[in-house]
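1. predicted coordinates and the sequence they were generated for:
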There are 2 protein chains.
Amino acid sequence: MALVVQKYGGTSVANMDRIQNVARRVIKTKQAGHDVIVVLSAMAGETDRLINLAQQAAAEPDLREYDALIATGEQVTVSLMALVLNGLGCKARSYLGFQIRITTDRAYQKARIVNVDTWKIQEELKRGSVLVVAGFQGVDEENNITTLGRGGSDTSAVALAAAMRADICEIYTDVDGVYTTDPHLYDKARRLDRVSYDEMLEMARAGAKVLQPRAVEMAKKYEVPIYVKSSFSDEGGTLVTKEDKEMEKEVVSGVTYDRDQAKVTVINVPDRPGIAARLFTPLAEHNIMVDMIIQNASVDGFTDLTFTVSRKDVKQAAVLVREAADDIGAARVEIDDSVAKVSIIGVGMVSHSGVAAKMFATLAKEGINIEMISTSEIKISCVVKAKYTELAVMVLHDAFELGK
Amino acid sequence: MALVVQKYGGTSVANMDRIQNVARRVIKTKQAGHDVIVVLSAMAGETDRLINLAQQAAAEPDLREYDALIATGEQVTVSLMALVLNGLGCKARSYLGFQIRITTDRAYQKARIVNVDTWKIQEELKRGSVLVVAGFQGVDEENNITTLGRGGSDTSAVALAAAMRADICEIYTDVDGVYTTDPHLYDKARRLDRVSYDEMLEMARAGAKVLQPRAVEMAKKYEVPIYVKSSFSDEGGTLVTKEDKEMEKEVVSGVTYDRDQAKVTVINVPDRPGIAARLFTPLAEHNIMVDMIIQNASVDGFTDLTFTVSRKDVKQAAVLVREAADDIGAARVEIDDSVAKVSIIGVGMVSHSGVAAKMFATLAKEGINIEMISTSEIKISCVVKAKYTELAVMVLHDAFELGK
């Protein structure tokens, strides 16, 4: 008998038929003799409906009230699921953040989980009940309702699995696992049976949408094995786990891309201390996330500084950076919002030379110019013109023989 | 400076325009220098939508989960209202049952309030915030979400007013007060400036829908003055309060009617102990509410027993009573589902003779046959054929000069 945490996303509970379908899957797991904790997102579309209501209510919504409003989405799905399970003869109880209780800090809209109480869960499991827990939500110390940000239900599921030392955290979604690249983009994409936390983390950060980076980070920290599966089929699945011998044999395990990139270049920046801070502090203050940052070697006391941001933020970023550039005496600021980031990821990279060279040569052979490069121990990312995204993904996937 | 509790029903918060309208009313009260606690129902139609979802989920919904689902309706309105108020520059915070906290027993769907904590409320009022509290909901001792039953928001408002010793509990609805009779039925109906708790209670029980009987009972117990007003106009209003000298001068203050009545008569019931229990216990076990019960004087050891139930329950009641009637050896059971109850109500009745006689004579003059009579200290109810409802209300309203 194992303790299984199962998380189902918004598309898996989008209507009553799908909720029934999930309920049958839960009952099957229960009947196999396991204890089950189910974590649910809001029905697909519901969170957007609530966000729209909030925006109608106020131009700049109060964050505490915004979270209290949005959190109703998950409350609806968990109580519906518990109704369906009980109706099918499977003892089940819904639990909200304050009932478990899942304590977070008070950073509304992007709260971080601080603690998960386990005694209520233990009590219910002892009674033989399935727990149906609202994902995405918690309460701070003063019982204010908080939400964890988009995709926060993954994090809720991993946090529950970690607190309860669950045997496995199953994340059900609309794809049947983690692929070597996006199968919608390249039909030679191959599903991976296993992937390490670090690879998954880099993939998630580099644009793969199957799992939230925060959830993977937490899984790595507490060594919670994650199994990514489709809620619509019994086939497939990818295990996200610690690195093992077999993984290390693979030099590159995936190619990812991120089209939501815009490039900002500040030209002829005087190279003296405090300049980078002057450029990036205003962005941070306006909650603009900066992805890659590249600074060239300084020539005659001047350098160029390039970074990427999400396309939706580029207009505001340009205004802020132009202001700062004037202040510090840089020559000018250039914007390019038609770029994309293509990355190769693999734990084996550390011990193999020539991976980067092969990537660059592959792109060069197709005439794809590399505009920015950034590397980590297990990832190499190149910014290229957006129109080359598909081509770059395909030739890299072929060059590293990911289709096997 | 006073402490004002304002309760707005579902039609008053049915859409964003109306929520804005309520917000302006709240701000006006706040700007007049008062502390304000706002209690809200779910947006009109929302509770029905949620009930429909629950019914789709399970044929016999689990009561705990049903309440957790339904309670989301109020959570949406209170957070929207707090968003709007803050957007208009008025500091406001939404509060749910578990946050206040409002403790109830565990009778899901019809829970009774056991305690209202006041320290959170006091803290917020000190900070100058408007509290926007979800009506209709509470939590039991173990933090399970409970709901108070239809119209429960009135009870929430009165309970908060009682706990905080508020100066007034204003109940905003779609009519501008309590009338001598239903103005939709008789255009000579006159709005009452004041009405006593007892009269209001009898009116509510006798079919007037403006206030929930439970809320009035609680208001009477804790002497909370209730002001019934329209949320769409500044005119009118009725104060529900303790009896005073002026009220006692009015013999009759209102005529009510209830068309949701069906009459069940058990004929030739052997008159011996335990018979009534045998008849009514099965009804109680099936949650069928019995309204009036009349037993005639016994003749030769046999009596007739007549009672009324809601029309929706009459079929089931007939089956249960026929079974019991066979058991106890009654002759037969007759059903009439085309009756209505017409009542006159007034605190002055106690000290005036001839009120009942005048009522009966008035009905007789119009050829309206009285099928059942029941009286309390301040009320006389007659069951008549349903087709006479309107006529009976009008002639009684005229006879007791309620149009003034």
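-> Ah, there it is.

2. how much space separates the residue lying closest to A:D291 once chain neighbours are set aside from A:I288?
-> Nearest residue to A:D291 in three dimensions, chain neighbours excluded: A:T308, at 4.6 Å (CB to CB, 6 or more residues apart in numbering or on different chains). C-betas here are computed from N, CA, C, even on glycine. According to CB to CB, to the nearest Å, A:T308 stands 11 Å off from A:I288.

3. who has more neighbours, these two?
-> A:T308 (28 against 18; other CB atoms under 10 Å in any protein chain shown).

4. hang on, that one in a helix?
-> No - assigned with DSSP: H, G, I helix; E, B strand; the rest coil, A:T308 falls outside any helix and is strand.

5. can you verify my assumption that it contacts A:M372?
-> Yes - if you go by CB atoms under 8 Å, A:T308 and A:M372 touch, sitting 7.2 Å apart.

6. now do the shared contacts for the two.
-> Common neighbours of A:T308 and A:M372, using CB atoms under 8 Å, 6 or more residues apart in numbering or on different chains, are A:263, A:292, A:383.

7. and these as CSV, adding pLDDT?
-> CSV is the format used below for these (pLDDT from 0 to 100):
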residue, pLDDT
A:K263, 94
A:M292, 88
A:V383, 94
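
8. so where's chain A uncertain?
-> In the predicted model of chain A, residues A:247-248 satisfy pLDDT under 70.

9. around chain B, which positions in it sit nearby?
-> Residues of chain A lying near chain B by CB under 8 Å from any CB of the partner chain: A:16, A:19, A:50, A:53-54, A:56-62, A:64-66, A:68-69, A:71-72, A:75-76, A:78-80, A:82-84, A:86-87, A:93-94, A:96, A:98-99, A:143-145.

10. among those residues, name the ones in helices.
-> A:16, A:19, A:50, A:53-54, A:56-57, A:64-66, A:68-69, A:72, A:75-76, A:78-80, A:82-84, A:86-87, A:98-99 (DSSP state H).

11. now the buried members of the residues you listed.
-> Buried members of these, scored by 16 or more other CB atoms under 10 Å in any protein chain shown, are A:19, A:50, A:53-54, A:56-57, A:64-66, A:68-69, A:72, A:75-76, A:78-80, A:82-84, A:86-87, A:98-99.

12. can you show me the CA trace of the one helix or strand A:F360 maps to as PDB?
-> Element membership for A:F360, per DSSP states H and E: helix A:355-365. What follows is helix A:355-365 as a C-alpha-only set of coordinates in PDB (Å, rounded to 0.1, in the frame of the first residue of the first chain):
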ATOM      1  CA  VAL A 355      28.200  20.000 -27.200                       C
ATOM      2  CA  ALA A 356      28.100  23.800 -27.500                       C
ATOM      3  CA  ALA A 357      30.300  23.800 -30.700                       C
ATOM      4  CA  LYS A 358      28.000  21.200 -32.200                       C
ATOM      5  CA  MET A 359      24.900  23.300 -31.400                       C
ATOM      6  CA  PHE A 360      26.500  26.500 -32.900                       C
ATOM      7  CA  ALA A 361      27.700  24.600 -36.100                       C
ATOM      8  CA  THR A 362      24.200  23.100 -36.600                       C
ATOM      9  CA  LEU A 363      22.500  26.400 -36.500                       C
ATOM     10  CA  ALA A 364      25.200  28.000 -38.700                       C
ATOM     11  CA  LYS A 365      24.800  25.300 -41.300                       C
END
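
13. dump the shared contacts of A:T308 and A:M372 to CSV, plus neighbour count and secondary structure.
-> Output for the shared contacts of A:T308 and A:M372, formatted as CSV (neighbours: other CB atoms under 10 Å in any protein chain shown; DSSP: H, G, I helix; E, B strand; the rest coil):
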residue, neighbour count, secondary structure
A:K263, 22, strand
A:M292, 17, strand
A:V383, 24, strand
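
14. which of those residues sits closest to B:S298?
-> Each of these was scored against B:S298 by CB to CB, and A:M292 proved nearest at 95.7 Å.

15. test my guess that the closest one contacts A:E371.
-> No - between A:M292 and A:E371 there is no contact under CB under 8 Å: 10.3 Å.

16. mutual contacts of those two, please.
-> A:V383.

17. let me see the domain layout of chain A.
-> A:3-174, A:255-399 (automatic domain parsing).

18. how about A:Y227, what does it touch?
-> Counted by CB under 8 Å, 6+ apart, A:Y227 has contacts A:168-171, A:237-240.

19. rerun that using 6 Å as the cut-off
-> Taking CB atoms under 6 Å, 6 or more residues apart in numbering or on different chains, we find A:Y227 in contact with A:168, A:170, A:237, A:239.

20. who wins on neighbours among those?
-> So for these (other CB under 10 Å), the most neighbours sit at A:E170, 24 neighbours.

21. Three-state assignment for that one, please.
-> strand.

22. equivalent analysis for A:T303, please.
-> Under three-state DSSP, A:T303 falls in the strand class.

23. so what's it closest to, chain neighbours aside?
-> Take A:T303 and drop its neighbours on the chain: the residue closest to it by CB to CB, 6+ apart is A:D271, 4.8 Å away.

24. repeat that for A:V309.
-> A:A317 (5.0 Å).

25. now do A:T146
-> In this structure, A:T146 finds its nearest non-sequential neighbour in A:A111, 3.7 Å apart by CB to CB, 6+ apart.

26. neighbours of the one you found, how many?
-> If you count neighbours by other CB under 10 Å, A:A111 ends up with 27.

27. can you check the one 5 residues further on too?
-> The number of residues packed around A:V116, counting by other CB under 10 Å, is 21.

28. so what's it up against?
-> Counted by CB under 6 Å, 6+ apart, A:V116 has contacts A:102, A:159, A:163.

29. surely the last one touches A:D117?
-> Meaning A:A163. No - if you go by CB atoms under 6 Å, A:A163 and A:D117 don't touch, sitting 8.0 Å apart.

30. in chain A, which spans are helices?
-> Under DSSP H, chain A gives helices at A:16-31, A:46-57, A:63-70, A:72-87, A:97-100, A:119-126, A:152-163, A:197-205, A:213-222, A:245-249, A:275-285, A:314-328, A:355-365, A:389-399.

31. nearest to B:K229, out of those helices?
-> Closest to B:K229 of the helices of chain A is helix A:46-57 (CB to CB; 24.2 Å).

32. for that closest one, name the packing helices and strands.
-> Helices and strands touching helix A:46-57, by 3 or more CB pairs under 6 Å, 6 or more residues apart in numbering or on different chains; DSSP states H and E, are helix A:63-70, helix A:72-87, helix B:72-87.

33. that helix: how far from the chain's middle?
-> What separates the centre of helix A:46-57 from the centre of its chain is 22 Å, taken as CA atoms, centre = their mean, to the nearest Å.
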